[in-house]
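A.B. asks: Got a sequence here, can you build the structure:
(chains A, B, C and D)
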Protein chains: 2
Amino acid sequence: MILSAAGERFIVHWGEMGSRWGINRTVAQVHALLYLSERPLHAEEICETLSIARSNVSISLKELQSWGVVRTTHVLGDRRDHFECMQNIWEMFRAIANERKKREVEPTLAVLRECAQQAKKDRDSKYEAQRLQEMLGFFELLMEWHDHLQRLPTTALTRFARLAGSISKWLPPQHENHETPPPDSTAELEFDSAASEKTVKDESDEDLSLL
Amino acid sequence: MILSAAGERFIVHWGEMGSRWGINRTVAQVHALLYLSERPLHAEEICETLSIARSNVSISLKELQSWGVVRTTHVLGDRRDHFECMQNIWEMFRAIANERKKREVEPTLAVLRECAQQAKKDRDSKYEAQRLQEMLGFFELLMEWHDHLQRLPTTALTRFARLAGSISKWLPPQHENHETPPPDSTAELEFDSAASEKTVKDESDEDLSLL
DNA sequence: TTGTATTTTCAGAAATTTCTGAAATAAAAG
DNA sequence: CTTTTATTTCAGAAATTTCTGAAAATACAA
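C.D. replies: Okay, the predicted model is just below:
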């Protein structure tokens, strides 16, 4: 497998990005390679192209398969497994989101439910209970949103994204002030839940109506 | 700072989740602690509560401040810095999303633009160029979406999430088949971009119209 | 000034994650 | 059955990340 300079650059970068998001660098590199490849590759080709050990490739491929973004195919007259990457990007990120939900968000929800429950019972944890409950509500809403997107076909997603982009151009900017946070001055509302809710409520309704 | 069992459990879990998403465990723990705390804490309190070195706390707090989710305040008659966490969850995750965009998505976009450009020029990289271009388009759309959400006030976000959740209940399920992937049977469309686009296009329009 | 409290920095230690190569296993071919 | 080819497993090596404690820097007070 011969890589162009551009391809190589992308693979390296994808590996680095993977690391930053909690995905093994090699796994991400193998993913990037298969994503770019026109044809399915066998493990040996991947080893050679990326200069990593055969065993490492084996484990990385298993991992990618467990995420549902890579699968095996076979070439006539060749005993070896060949590997190909999901080609539709939206489907690919959907699969990843799905898997992260299952592996990380759902366990977090379970913990939050238990903790909120327990804190509610404890007379000394009134404030903690409130904070945990709020976090729980956030994650529950997030799940609803996820499930919603999960049901929409890819084309709807892309069109919706475009639509959302054009609508937002007509709205006044709301939260651009994070770019260069002023020393210690006017950023009050983000840190004070009550103030934030109150301030925002006044100006939110006409924005919401656009949805 | 005395922690309830529930609070401690949450902090430990939040630390683990942080790791999985590329955030230092300690940083996440400090964040969780401040999130739960009714009042701002000084560094020494954080050390003691979490049993970590003073220097580690110092660095973690700096990190959290750079993410814009923690800031310093002061208590009358106390020279020490006290630290408090952004209390509004939506604002908090908005800040995090903002920062990750700046640190990770924007550099990725830059790399993708360069790679796509370069591959386009290379006669041997026709397919790679196409793949890179597609990835670039995805990230650009994602950015539009992000910017859109960035402009909406928190209340609009929560209401929209609820709305989206209830709409989706009326749609036929589209992509639940990832839950238990069948050995190697009908999952063709996810891996074949063309097939996927064609299949989906037939059924997508009435779904999209709901938006 | 000088002293004291607080915070930051940083070199090296500790812990964790990742990677390798050799050996074991599996699966087909002869 | 034996040989050959392909894949997986896994103990230890290597690399990376995280953490600590001591020292330096900073800021305020007397």
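
A.B. asks: and A:F83, what helix or strand is that in?
C.D. replies: For A:F83, the host element (DSSP states H and E) is strand A:82-85.

A.B. asks: contact partners of that strand?
C.D. replies: A:31, A:34-35, A:37, A:39-43, A:46, A:61, A:64, A:69-75, A:92, B:191 (CB atoms under 8 Å, 6 or more residues apart in numbering or on different chains). Any C-beta I mention is one placed from the backbone N, CA and C, and that applies to glycine too.

A.B. asks: got it, and stretch A:59-67?
C.D. replies: A:24, A:26-27, A:30-31, A:34, A:43, A:46, A:70-72, A:83, A:85, A:95-96, A:99.

A.B. asks: Buried residues, the helix or strand containing A:L141. List them.
C.D. replies: Under the criterion of DSSP H and E, A:L141 resides in helix A:126-151. Burial within helix A:126-151, assessed by neighbour count using 16 or more other CB atoms under 10 Å in any protein chain shown, is assigned to A:128-129, A:131-136, A:138-139, A:141-151.

A.B. asks: can you check stretch A:93-101 too?
C.D. replies: A:R94, A:A95, A:I96, A:N98, A:R100, A:K101.

A.B. asks: avg pLDDT for the helix or strand where the third one lies?
C.D. replies: Yep, that's A:I96 we're talking about. For A:I96, the element it lies in under DSSP H and E is helix A:89-100. Per-residue pLDDT over helix A:89-100 has a mean of 94.

A.B. asks: Which helix or strand lies directly C-terminal to it?
C.D. replies: That would be, after helix A:89-100 and using DSSP H and E, helix A:106-121.

A.B. asks: Quick check: residues of chain A near DNA strand D?
C.D. replies: A:19, A:42-44, A:54-55, A:58-59, A:61-62, A:78-81 (CB under 7 Å from any atom of the strand).

A.B. asks: ok, and the most crowded of those residues?
C.D. replies: A:L61 (22 neighbours; other CB atoms under 10 Å in any protein chain shown).

A.B. asks: that's a helix at it, yeah?
C.D. replies: Yes: assessed with DSSP: H, G, I helix; E, B strand; the rest coil, A:L61 lies in a helix.

A.B. asks: count of neighbours near A:M17?
C.D. replies: 19.

A.B. asks: element containing it?
C.D. replies: helix A:5-20.

A.B. asks: Following that helix in sequence, what is the next regular element?
C.D. replies: helix A:25-36.

A.B. asks: Among the contacts of strand A:82-85, name the buried ones.
C.D. replies: Buried among those by 16+ other CB under 10 Å: A:31, A:34-35, A:37, A:40-43, A:46, A:61, A:64, A:69-71, A:92, B:191.

A.B. asks: out of these, who's nearest DNA strand C?
C.D. replies: A:I46 (11.0 Å; CB to the nearest atom of the strand).

A.B. asks: ok, that closest one to B:L112 distance?
C.D. replies: 22 Å (CB to CB, to the nearest Å).

A.B. asks: pull the CA atoms of the helix holding A:M17 into CSV?
C.D. replies: Output of helix A:5-20 as CSV, limited to C-alpha atoms (Å, rounded to 0.1, in the frame of the first residue of the first chain):
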residue,chain,number,x,y,z
ALA,A,5,2.2,12.6,1.3
ALA,A,6,-1.2,14.0,1.9
GLY,A,7,-2.6,10.6,3.0
GLU,A,8,0.3,10.1,5.4
ARG,A,9,-0.1,13.5,6.9
PHE,A,10,-3.8,12.9,7.5
ILE,A,11,-3.1,9.5,9.1
VAL,A,12,-0.6,11.0,11.5
HIS,A,13,-3.0,13.8,12.4
TRP,A,14,-5.9,11.4,12.8
GLY,A,15,-3.8,9.4,15.2
GLU,A,16,-3.0,12.5,17.3
MET,A,17,-6.6,13.5,17.4
GLY,A,18,-7.6,10.0,18.5
SER,A,19,-5.2,10.3,21.5
ARG,A,20,-6.8,13.5,22.5
